[in-house]
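**Student:** Give the three-dimensional model of this entry:
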Amino acid sequence: MLVAVDEARVLGNPGEPRLRFVEGSKDAGTWRGPRLLTVDDAPAFELSNWCGTCQFLFQRLDGATTTFSPDGPDGTAELDDQLIARFAALLPEGLYQPLLLQVRPRLVRPSGPGDYFAEEQISTWGLESFWGLPAYPRTPYYRTFETAVDAGAHLYEFVVPMVPPSWNEPDRVADHAAELSGGAMPTAVAVAILDVCAPAVANGPDYHSHWALTHFLLDGHHRMQAAAETGRPLRLLSLLAVDAGLAEPEQIARLPSVRAAAPRARG
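**Tutor:** Down below sits the predicted model:
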């Protein structure tokens, strides 16, 4: 459910943000360096290739070792400017669109049931040509939503923890699970990007454009795991980094209406 959306506006830290979307070092003879999300200037995630025809990707790297909780919220039913400002201070200055969602996360593991990379992605791109395997994100992650954009495109939504759920404290997860079961509606916070990817030629039986909305979790790791374990909903305040993804302006403009649509599985 899309609870609320604001107009995109300039937010972030113009000085020394802790997170950045950057281009990594370019190897000799290559077109561009890898797309990266860095934490304290250390590569935390490798992202989809710049070309837009390569398969969608988030892959955890060595720099993904910390979470961020600057006065983390207990819950919010609206877009709170003070809360947005607190988390925007972690991010580089840029254009962001605040989104407030209600999600029911489902934890999936690489190559396990429901793994996007081993299922939907293979149906469109096939296996990786060199390895003969699905893309490997190197982390469990949460699936929260999908719906049709149109006949030739489908939106897939992911919540990616900065550290794996196995790092969470079981007692804190249990406390949040009890709160959720009692009707509480806590809020997690993320920064998001929209990558729109489609292969140049059909490599699998289900050729279509993949709109991948990826929320990198900043605060709420224990809450997210508790929601997945209990099947209960929680809110997700996400700051969509407009210029950091692989999406055209008209696709960014269309995203709120697509995200507000009813859930719908592909096919």
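**Student:** contacting residues around Ala118?
**Tutor:** Listed by Cβ atoms under 8 Å, 6 or more residues apart in numbering, the contact set of Ala118 reads 110-112, 134. C-beta here means a position set from N, CA and C on the backbone, and glycine is covered the same way.
**Student:** Among those, which one has the most neighbours?
**Tutor:** Of all those, the highest neighbour tally under other Cβ atoms under 10 Å goes to Pro134, namely 20 neighbours.
**Student:** where in the stretch 51-200 of the chain is pLDDT low?
**Tutor:** Filtered on pLDDT under 70, the stretch 51-200 of the chain yields the residue ranges 70-77.
**Student:** Which residue ranges of it form helices?
**Tutor:** Assignment of helices within the stretch 51-200 of the chain using DSSP state H, counting those that start in this stretch yields the ranges 81-88, 120-125, 170-181.
**Student:** which one of these lies closest to Tyr142?
**Tutor:** Proximity of the helices of the stretch 51-200 of the chain to Tyr142 was assessed by Cβ to Cβ; the nearest stretch is helix 170-181, lying at 13.7 Å.
**Student:** list the helices and strands the closest one packs on?
**Tutor:** Using 3 or more Cβ pairs under 8 Å, 6 or more residues apart in numbering; DSSP states H and E as the contact criterion, the neighbours of helix 170-181 among helices and strands are helix 221-230.
**Student:** List the contacts of the helix it packs on.
**Tutor:** The set of residues external to helix 221-230 that reach it, using Cβ under 8 Å, 6+ apart, is 67, 103-107, 142, 159, 161-163, 165, 167-169, 172-174, 176-177, 179-181, 186-188, 217, 232-234.
**Student:** Tell me which strands the next helix or strand after that helix pairs with, and in which orientation.
**Tutor:** Sequence order places strand 234-241 as the next helix or strand after helix 221-230, per DSSP states H and E. Next to strand 234-241 in the sheet, as set by DSSP bridges, lie strand 94-103 (antiparallel), strand 187-197 (parallel).
**Student:** could these be laid out in CSV, adding mean neighbour count and distance to Arg18?
**Tutor:** Shown next, in CSV, are the strands paired with strand 234-241 (neighbours: other Cβ atoms under 10 Å; distance: least, Cβ to Cβ, whole Å):
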stretch, mean neighbour count, distance to Arg18
strand 94-103, 21, 14
strand 187-197, 24, 11
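**Student:** Pretty sure Thr187 sits against Leu234.
**Tutor:** Yes: at 6.9 Å, Thr187 and Leu234 qualify as touching, with contact defined as Cβ atoms under 8 Å.
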